[in-house]
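**Student:** here is a sequence together with a model predicted from it:
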Amino acid sequence: MKIKLDKSSFNQGLEKLKSEYKILAPKTTPFKGTFSDTDITKYEEIRTIEEIEFNKKSNFSAKETILPITQVLFYFTEKEYKTSDIDDKKLLVFLRACDLNGVKRIDEIYLRNGIERDYYYERLREKVKFVLIGCKESFRNCFCVSMDSNKSDNYSMAINLRDDEIYLDIFEGEACDFEVDYVKENIINLEVPENINPVELSKHPMWDEYDARCIACGKCNFVCPTCTCFTMQDIYYKENENVGERRRVWASCQVDGYTDMAGGHSFRKKQGERMRYKVMHKIHDFNKRFGYQMCVGCGRCDDACPQYISLSECIEKVADVVLVKEEAK
């Protein structure tokens, strides 16, 4: 169903929805960015359409709306445990196609990655409806077209903004001629190689440069809409050290100590090895299991890296190595 509204009418609709939904969207907050004079755009609760940031790519993805940075799973005592409560209110999340496609990939990992579904993720995921924000111009470092993530039809509602007029598609399961704005061309254009041999590539010297360049800050993972690594923390209360809570907390495969094991063992100690692991997961391992690429081409990892490491350039290097090997055969 297609609707055209002015901003005032749309805000009235948001006001009614707030009784049932917590409404989240990319929102810009002045002077809260990396430096004292810069802004930050991230997903926060909004009240009106004027608060939604339509002109910038958010610094952080929509991932944390369904996969909290810190999530209490359950509370425990010496003899029993209790699953943590969650807010009864549903979530309505405004997001672009790259982030919506990122949610699809997180769903694969937590809901369709084996026999068991992740209960703690699923109970939050069931509460969410998505509003797709039309996006027709590529931002800095984006390559969503190359990753086939510039479009999505997995939404409850879609929105195009035209000055003071709002065009809505409220999805009811029927075909319509409404077309959500989407990016047709990025400045960065990639072709991900298909014939990757991960064993051969793991030994290639191309990864050595990242031993010196990467500082293991983990920013690339934390801003990524498809990174899902976590660690577990048992927190014991001071009042009674036999009582506490278990938390799931975001983690990073790029950070020192992530692969540490009992007995002092550790995998991927060098930054180049970690970079290789991340890149292969984004453009090979996930694709081998689920049939499409994990990376959605949002470019946030490039935006956030303090060492100016570019994932898109790294993918191009992988493609060059594969091409050379194919030509040598």
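**Tutor:** Nice, thanks for sending it over. Just so we're clear, the structure is a prediction, and the values are computed from it rather than from any experiment.
**Student:** where does the stretch 151-300 of the chain have low pLDDT?
**Tutor:** Residue ranges of the stretch 151-300 of the chain with pLDDT under 70: 171-178.
**Student:** packing partners of the longest helix belonging to the chain?
**Tutor:** Counting residues, the longest helix in the chain under DSSP state H turns out to be helix 311-328. Where contact means 3 or more C-beta pairs under 8 Å, 6 or more residues apart in numbering; DSSP states H and E, helix 311-328 is packed against helix 198-202, helix 271-280, helix 300-304. Quick note: C-beta positions are derived from backbone N, CA and C, even for glycine.
**Student:** in that helix, which residues are buried?
**Tutor:** By 16 or more other C-beta atoms under 10 Å, the buried positions in helix 311-328 come out as 311, 312, 314, 315, 316, 318, 319, 321, 322, 325.
**Student:** check contacts around the fourth one.
**Tutor:** Just to be clear, that refers to residue 315. Applying C-beta atoms under 8 Å, 6 or more residues apart in numbering to residue 315 gives the contacts 190, 192, 279, 283, 295.
**Student:** ok, and the closest non-adjacent residue to the third one?
**Tutor:** The one in question is residue 279. residue 314 (5.5 Å; C-beta to C-beta, 6 or more residues apart in numbering).
**Student:** and the one you found, how far is that from residue 280?
**Tutor:** Residue 314 is 10 Å from residue 280, where distance means C-beta to C-beta, to the nearest Å.
**Student:** need the longest strand for the protein.
**Tutor:** Taking DSSP state E as the criterion, the chain has its longest strand at strand 21-29.
**Student:** that strand pairs with which strands?
**Tutor:** Using DSSP bridges, strand 21-29 pairs in its sheet with strand 40-45 (antiparallel), strand 90-95 (parallel).
**Student:** which of the residues in the helix or strand following the first one are buried?
**Tutor:** Same thing as strand 40-45. Once the chain leaves strand 40-45, the next helix or strand it forms, by DSSP states H and E, is strand 70-76. Residues of strand 70-76 classed as buried by neighbour count (16+ other C-beta under 10 Å): 71, 72, 75, 76.
**Student:** returning to that earlier point: okay, the helices and strands packed on helix 311-328 in a markdown table with distance to residue 212 next?
**Tutor:** Output for the helices and strands packed on helix 311-328, formatted as a markdown table (distance: least, C-beta to C-beta, whole Å):
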| stretch | distance to residue 212 |
| --- | --- |
| helix 198-202 | 19 |
| helix 271-280 | 8 |
| helix 300-304 | 18 |
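**Student:** this completes my enquiry, with thanks.
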